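Trainee: sequence first, then the predicted structure:
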Protein chains: 2
Amino acid sequence: MAKAKQRLPKRVYQARADRLRADLLQLQLELKQVPFKVLLILAGPEGAGRGTLLNKLAEWLDPRGVETFSYHPPTDNERAHPQQWRFWRSLPGMGRIGLYAGSWYTETLREEARNRRALRHVADEAERIRDYEALLADGGTLIVKVWLHLSKEAQGRRLRTLRADPATAWRVTEEDWHHHRIYDRLDKTARLIREKTDRPGARWHLIDAEDERARDLAVGQLLLKRFAEQKKRLARLPRAKAPKKLTPLRPAGLRRLNALPLDQELSEKDYGSLREKWLGRLNRAVRTALGADRSIVLVFEGWDAAGKGGAIRRLTSAIDPRDYSVIPVAKPTPEEKHAHYLWRFWRDVPRNGRLAIFDRSWYGRVLVERVEGFCRKDEWRRAYGEINDFERQLTEHGTIVLKYWLHVSHEEQLRRFRERETTPHKRHKLNDEDWRNRRQRAAYEIAVGDMLALTDRPNAPWQLVPADNKRFARLEVLRSASRAIEAAMKL
Amino acid sequence: MAKAKQRLPKRVYQARADRLRADLLQLQLELKQVPFKVLLILAGPEGAGRGTLLNKLAEWLDPRGVETFSYHPPTDNERAHPQQWRFWRSLPGMGRIGLYAGSWYTETLREEARNRRALRHVADEAERIRDYEALLADGGTLIVKVWLHLSKEAQGRRLRTLRADPATAWRVTEEDWHHHRIYDRLDKTARLIREKTDRPGARWHLIDAEDERARDLAVGQLLLKRFAEQKKRLARLPRAKAPKKLTPLRPAGLRRLNALPLDQELSEKDYGSLREKWLGRLNRAVRTALGADRSIVLVFEGWDAAGKGGAIRRLTSAIDPRDYSVIPVAKPTPEEKHAHYLWRFWRDVPRNGRLAIFDRSWYGRVLVERVEGFCRKDEWRRAYGEINDFERQLTEHGTIVLKYWLHVSHEEQLRRFRERETTPHKRHKLNDEDWRNRRQRAAYEIAVGDMLALTDRPNAPWQLVPADNKRFARLEVLRSASRAIEAAMKL
């Protein structure tokens, strides 16, 4: 049996720890200024000391700037949402470090120890986590993943030492011994997980956990190093700027948009009776879907003054107020701005049996952010895929996703702007930004076209709604939502 | 059968509605400046039009400043928290109006219609809600409660009219007819609920719901009126100011504090073995309690530099990292400041099977806020009762609540401040405020004494911990927490 390695002498440790603590506190001060989140994920076998390391970090860091997360088996509320929902909900707030001790990685190993699972299943879960981490890392989040390595021999020594002293024997559980006995199997699974999830932006760092002092210092120093690198890396990135001229990625989308006829007629009388009919159909379809524990997400995008609000209110008049929520999407708050752009939408993803209506949405990333240059080119270009992926996660969970683009002509929009200007209770709906957006119509048309071409998927289709005639548009939304939900529910 | 009343003519309605809308938008602008939240609760029998009224309000108001809430039967996560937890979680954010359509009141009536309950049970629930509303109202929240009144005859007329037209017949459900048939019984229950919950700050307003137009105008105007009154009322309140001199409410508390001996000794060696022994006991006690689905709340208060952080870290070293969270309580954020002072603590109340450690707590209300004059005298005086009530709700749910005051002498505190000044990695722990607090020692002692005298309850006792000797204090916390949890679990 290999002998225990030499421990770092206490004096040496103390001096290094004192310096490290001062540096970590400096890092925490800087963290309040940087535009990215920091996640520190601690994983490793039983006995590698995640708990004591966590306590050490709580001592070294200013605890007001730390949030600790751990994962338990999902609650029923979590299960009533798409799988990744709970991970999106456990991200640290602005200026704080997120510490993950009982992380997903550890839970998987515990689970594996209790109940051997097919490696295929573990690999599937690892891939989902890899994609999630990649998304966060692409968005600028610093993810530091530490695997605390402890050999089978060192683990055995640690367990036996603890057991030998009556005062510490309670620290060793039956589960620990079980993990020790099946060390090799767990180690193999752990290696598979690490391989699958070791990707740029979310690399694993193996740190020897045998000497507690050296281990703690190494983790602290790693955090410092990776933080400095990330600051440098992000500072080197080009600044986002407004493009001089937009070029379509997929001209077919723009052609589809321009081909939409806008001259529909619908009399008030016809509208009245048709509306009630389709409200009834919608009511029945929605009740059926929600009653079957499905959830529904409706996305409304469109030109300013296209009538999104009115269409939404007609639609909700057919739905039990307890069953839906309308999420008006305004400019991001400082906290939302600091997070990944999808974060605030994940927050409002409805649970099973509920319907959520987004009045504007995550498509802001490829519309206003692209046109106004609020994000870099690589960011909005990547967003089409990220959004498709997000919506795929919703629909794979069973959510019905429907997206509406309300289309008004340039002339009709002007007429509505003028009406807003002259009506006291509508004036608040019009501001300088609306006029500025209006002047950018050509650029927005290109962005809308690309959005239609690149994110119109069978699982989450776009519906183009001619909206120069408000009555027609409202009816069209009712009709198309009813039919789509009926089709999804096979009514 | 009584005839339908004359409806408000459309022209008259339109003119009034336009004026009202402009006024409501003005209210929403002002709402961003005022230091209180606005809740509008809509209740009433089926057919009184809560849904359409909600839609109307969504049209009139700027939807970005509105949050809509409704209550469903509690989820398992909600049931794993004290009863009022879910209500605390559904309060609007800063500058927003909270609209409650499917409110608690309506749910109770639906429930009663399905399954007749003892009026006694309804009355109990009504009293809980009354207390909650009183707490919010005392804290400055504007609560506008509207009961949409619809006579049995008018309800019947409305249901029959809807049924007669094939296009609207779907709007009338079997449940509606059932409610109609048992109108008198439901009305009696509704009256009981209204009586029980009609209190200053949370009065019921009965509004006739037969004429939709008149109903909608009346609700809008009521909101305007009550908002203006609340602004005026709050403006008339005296400003909070720092007291010149503190007078004890209950001198016994101060005497108890001053009688605490602080000269305990504990050698490093004795500490080492006793610590491990008590960590083991604590580990077992906590595992037993959490395993039995109980939750635990530990509160740490004490002088600056009394060693709260160190005591907490020793304690957590005995607990599985997945089972506990430490909540460092700093100055409230703008959002927390805008809410009721208990709101942020309710947010962090642990679910069954978890332990939460509050590093400072709701006692700030009667300590720093009292001494520094951050709240008015009537506010901190009321707080003792509010806090006892809050903790009673926790313990009635089954939560084990333990509170620690870490007591250091004025001299020992000075020694620790000086040490912090000269140690680089401890310097961040000391700031001007600590020195300022130190000069206020006498005032704080009075506040601490009153806190001990007024909030030391058998269900949530205070433990005074002599903390001049850090080792002794840490051990004392371990010992007392272990014993208290063991006693609660009858170990």
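Mentor: Thanks, I have it. No experiment lies behind these values; they were computed from the predicted model shown.

Trainee: going forward, measure contacts and count neighbours with C-alpha atoms only.
Mentor: OK.

Trainee: and the stretch 201-350 of chain A, which residues reach chain B?
Mentor: Taking C-alpha under 8 Å from any C-alpha of the partner chain as the contact definition, the stretch 201-350 of chain A meets chain B at A:273, A:276-277, A:280, A:309-310, A:313, A:316-317, A:320-322, A:325, A:328-330.

Trainee: which among the residues you listed end up buried?
Mentor: A:276-277, A:280, A:309-310, A:313, A:316-317, A:321-322, A:325, A:328-329 (16 or more other C-alpha atoms under 10 Å in any protein chain shown).

Trainee: show me those that map onto helices.
Mentor: Mapping those onto helices (DSSP state H) picks out A:E276, A:K277, A:G280, A:G309, A:G310, A:R313, A:T316.

Trainee: about what we covered before: and the two most separated of the buried ones among the residues of the stretch 201-350 of chain A next to chain B?
Mentor: A:K277 and A:V329 (30.2 Å; C-alpha to C-alpha).

Trainee: re the thing from before, let's have the buried ones among the residues of the stretch 201-350 of chain A next to chain B in CSV, adding pLDDT.
Mentor: Shown next, in CSV, are these (pLDDT from 0 to 100):
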residue, pLDDT
A:E276, 91
A:K277, 93
A:G280, 94
A:G309, 94
A:G310, 94
A:R313, 93
A:T316, 93
A:S317, 91
A:P321, 83
A:R322, 84
A:S325, 93
A:P328, 93
A:V329, 94
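
Trainee: let me see the ranges of the strands in the stretch 251-400 of chain A.
Mentor: With DSSP state E, counting those that start in this stretch as the criterion, the stretch 251-400 of chain A has strands at A:296-302, A:324-328, A:355-359, A:400-407.

Trainee: report the central residue of chain A.
Mentor: In chain A, the residue lying closest to the centroid (C-alpha atoms, centre = their mean) is A:W343, at 4.3 Å.

Trainee: if I look at the closest residue to that residue other than its chain neighbours, how far off is chain B?
Mentor: Excluding the flanking residues, the one nearest A:W343 by C-alpha to C-alpha, 6 or more residues apart in numbering or on different chains is A:W88, at 6.6 Å. According to C-alpha to the nearest C-alpha, to the nearest Å, A:W88 and chain B sit 18 Å apart.

Trainee: average pLDDT for the host helix or strand of A:W88?
Mentor: For A:W88, the host element (DSSP states H and E) is helix A:85-89. For helix A:85-89, the mean pLDDT works out to 93.

Trainee: quick check: next helix or strand after it?
Mentor: Using DSSP H and E, the first helix or strand after helix A:85-89 is strand A:97-100.

Trainee: touching chain B at all, the helix or strand following that following strand?
Mentor: Moving toward the C-terminus from strand A:97-100, the next helix or strand (DSSP H and E) is helix A:104-114. No: for helix A:104-114 and chain B, the contact criterion (C-alpha under 8 Å from any C-alpha) is not met; the two come no nearer than 10.2 Å.

Trainee: who does helix A:104-114 touch, helix- and strand-wise?
Mentor: Packing contacts for helix A:104-114, counted by 3 or more C-alpha pairs under 8 Å, 6 or more residues apart in numbering or on different chains; DSSP states H and E, involve helix A:183-197.

Trainee: picking that back up, lowest-confidence stretch among the strands of the stretch 251-400 of chain A?
Mentor: Note on those: lowest mean pLDDT is at strand A:324-328, with a mean of 94.
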